Every structure is written in structure tokens, then in C-alpha cells.
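[1] Next comes the sequence, and after it the predicted model I'd like to discuss.
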Amino acid sequence: MKLYIVPTPIGNLEDITLRAINVLKSVDVVLAEDTRTSGSLLKHLGISKPMHSYHIHNEHQTVTRVVERILKGESMALVSDAGTPAVSDPGFLLVRECIKHGIQVECLPGPTAFVPALVNSGLPSDRFTFEGFLPHKKGRQTRLQNLTSEERTMIFYESPHRLVKALQQFAEYFGADRQVSVARELTKIYEENVRGTLDEVIAYFSEKTIKGEIVIILAGKVEEKKKSDKYED
Ligand code: SAM
């Protein structure tokens, strides 16, 4: 009677952990955001398991049924399309319900996009805030406005076709000389990390057709203060 949260690779299949494989082999059922995507991964790992769909559109209805089954003695593993479930992916509701019902929840450590993006950025990683996807329209400006005084390094998930627009908006709110790092296609063949001021990084990406998956790491306000202090020395 247990729920495992199992991170899966964000691009490079070698990033699956030995423990993730063993847990996927051991559980009664695998709950998957997309049974086709996770089905291919299980096939690649030589694992054959009953799978149930667990995605954002059926999360509310599915949670109760899943909790009942776990309470009756089944063990389940939740996986998402890539990375760690519940990080900008379905999972939080299920974890909360399981805890409420006294079910043991165990999240395995493993792949997630924001950690390598943050560490690769070279920006302070001692304190950071994960902002995930900003709302596209309603509430976006308020979120950005609230972040203008943020001193910690900020982490955003963004789609490739919105990247330049998002960076331009960041320049408006945070200033064009704020340091930023864009991680694209982490762990994949065409992985790149583009670092510089917002102006420089906008110029770089404006000339390209941007493909693949993106994490934006933005310096906090303190960095800016330190930078100007340095110039004053
Ligand atoms: N649960 C995942 C995690 O642990 O990172 C995130 C899922 S969210 C739906 C997908 C977003 O994660 C993408 O739009 C992108 O911002 C980021 N992402 C996922 N894989 C990535 C990769 N290989 N390189 C860069 N960003 C990635």
C-alpha cells in the first residue's frame, strides 16, 4: 500500500535511475500522464505493467478511485511524460489525497529540467524561486510586477515559440541588462545554454527559429545590486 512518484528522463534515456526501474518493476500499476509515451519507456526498459491514464483533465475524477485502490492494498507508481511528476505536471492532488488518507508516499529523486538549468546558468543557486509557467494572459502582468523586487534567482518554464516575447517582457519589467540564462534541450544532442544580459540573449534568439524545450533562469535583484556595488569599488 504505497504511492511512488517516479521521475523519468527529460530527453536522455540513460538518466533513468536503477531504483526507478526497480520500483516500476515492483508496483501493481503505473499511473501515466500519457500511456503511449510512458508505454514506450516501459517497453524500452523491458517492463510490462498495467497502466492507467492519470492526466490533468481527469485528475479530479481519478484521484478518489486511485486512493481507494491503494487503500485496498495495491502499490502504484505515478510517472509523467518527462521529469518529476507534480513539477509543472499532474501529481500534487494525488500526493495530497494520499497523505490525507494515511497512505505512504515516496518520491524518488531523479530527472527534472529546472535543476540542471539552474546549475548550468552560473547564477546564484543558494536561494531560488521556481515560477514554472507564467499565465499566458490573465494574471501574467501581476506575477511579473510582484517579481520585480525578487532577490532570489528565478526559474521559468517556457515554450520555444513564446521565448523571445517572454524575454522582451522580462527586459521591460527587470531591465535589459539583467543577467539571464536560457537552457534549451537539456540532456539532448542539441543542448545549449545561452547566457548574458536580457538584451544579448534576445538578440541571439531573435535571429533563430527556436525549437525544443526551454527553461529560463533569471538573476534576482540582489545580483544587480552586487554588480553596481562592484562597479562603485
Ligand atoms: N515535470 C517536468 C520537470 O520535472 O521538469 C516538467 C514538465 S513541464 C510540462 C515541461 C517543461 O519543462 C517544458 O516546457 C520545459 O520548460 C521544461 N523542460 C522539460 N524538458 C526539458 C529539456 N530537456 N530541456 C529544457 N527544458 C525542459
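    Happy to help now that I have it. For clarity, every value in this text was computed on a predicted model and none was experimentally measured.

[2] What residues sit buried inside the helix or strand where A166 lies?
    For A166, the element it lies in under DSSP states H and E is helix 163-174. Buried residues in helix 163-174, counting neighbours by 16 or more other C-beta atoms under 10 Å, are found at L163, V164, A166, L167, Q169, F170, A171, F174. Every residue, glycine included, has its C-beta placed from N, CA and C.

[3] Columns pLDDT on top of those residues, output as CSV?
    Formatted as CSV, these follow (pLDDT from 0 to 100):
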residue, pLDDT
L163, 98
V164, 98
A166, 98
L167, 98
Q169, 98
F170, 98
A171, 98
F174, 98
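
[4] The residue of the chain found nearest the ligand: neighbouring residues, count only.
    Distance from the ligand to each residue of the chain (C-beta to the nearest ligand atom) is smallest for G83, at 2.5 Å. By the criterion of other C-beta atoms under 10 Å, G83 has 24 neighbours.

[5] Check the closest residue to L13 other than its chain neighbours and give its pLDDT.
    With C-beta to C-beta, 6 or more residues apart in numbering as the criterion, L13 has its nearest non-adjacent residue at 6.4 Å, and that residue is H44. The model reports H44 with a pLDDT of 97.

[6] Verify the assumption that H44 is located in a helix.
    Yes. Secondary structure assignment (DSSP: H, G, I helix; E, B strand; the rest coil) places H44 inside a helix.

[7] how much space between it and Q61?
    According to C-beta to C-beta, to the nearest Å, H44 and Q61 sit 30 Å apart.

[8] Also L78?
    Looking at L78 against Q61, where the rule is C-beta to C-beta, the gap reads 16 Å.

[9] Please identify which of those two sits among more neighbours.
    The residue with more neighbours, out of L78 and Q61 and counting by other C-beta under 10 Å, is L78; that gives 27 against 8.
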